[in-house]
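> The sequence isn't on hand, but the structure is:
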């Protein structure tokens, strides 16, 4: 069974930085794309950043210029570097692995809490 294990969440003051990590139990190259999503209570989960196997990246507008997604294929790990954090970045962050074959399927980590105090 595929597992995605996140780490790196925590409590930080506004303006601070955190780096999230997500390690996959299978080769990260077996996923067509990896991403980070976040969710706050009462709201839908939203895509924060995505990186494809071709290293194409995409970010939600609210984090552009502050967050950077990257991957280390040798370590089967995807990262989310979060700088200049704001209280509105507070959420549970989930790692996502997306495959398109043999059918479209998403795999999720357990989530890690990020809290930004003002």
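Cool, got the structure. Everything numeric here is computed off the predicted structure, so don't read it as measured data.

> Is residue 74 located within a helix, as I assumed?
Yes - with the criterion set as DSSP: H, G, I helix; E, B strand; the rest coil, the secondary structure at residue 74 is a helix.

> Pull up the gap between it and residue 27, please.
Going from residue 74 to residue 27 by C-beta to C-beta, to the nearest Å gives 10 Å. Backbone N, C-alpha and C define where each C-beta goes, glycine included.

> Tally up the residues packed near residue 111, please.
Number of residues near residue 111 (other C-beta atoms under 10 Å) recorded here: 17.

> Next: residue 73.
Applying other C-beta under 10 Å, we find 12 other residues in the vicinity of residue 73.

> Mind listing residues that contact stretch 110-118?
Contact with stretch 110-118 is made by 5-14, 16, 18, 20, 38-39, 82, 85-94, as judged by C-beta atoms under 8 Å, 6 or more residues apart in numbering.

> Buried residues of it, list them for me.
Residues 111, 112, 114, 116 are the ones in stretch 110-118 that count as buried (16 or more other C-beta atoms under 10 Å).

> what about stretch 35-48, how long is it end to end?
Here the two ends of stretch 35-48 are set 7 Å apart, with distance taken as C-alpha to C-alpha, to the nearest Å.

> wait, I meant stretch 88-102
Using C-alpha to C-alpha, the two ends of stretch 88-102 sit 38 Å apart.

> And it, what's buried?
Buried-residue list, stretch 88-102, by 16+ other C-beta under 10 Å: 89, 90, 91, 92, 93, 94, 95, 96, 97, 99.

> Determine how far stretch 67-87 lies from the middle of the whole chain.
Its chain's C-alpha centre and that of stretch 67-87 lie 7 Å apart, by C-alpha atoms, centre = their mean, to the nearest Å.

> Including distance to residue 56, could the buried residues of stretch 88-102 go into a markdown table?
Conversion of the buried residues of stretch 88-102 to a markdown table gives the following (distance: C-beta to C-beta, whole Å):
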| residue | distance to residue 56 |
| --- | --- |
| 89 | 23 |
| 90 | 28 |
| 91 | 24 |
| 92 | 26 |
| 93 | 21 |
| 94 | 21 |
| 95 | 18 |
| 96 | 16 |
| 97 | 16 |
| 99 | 17 |
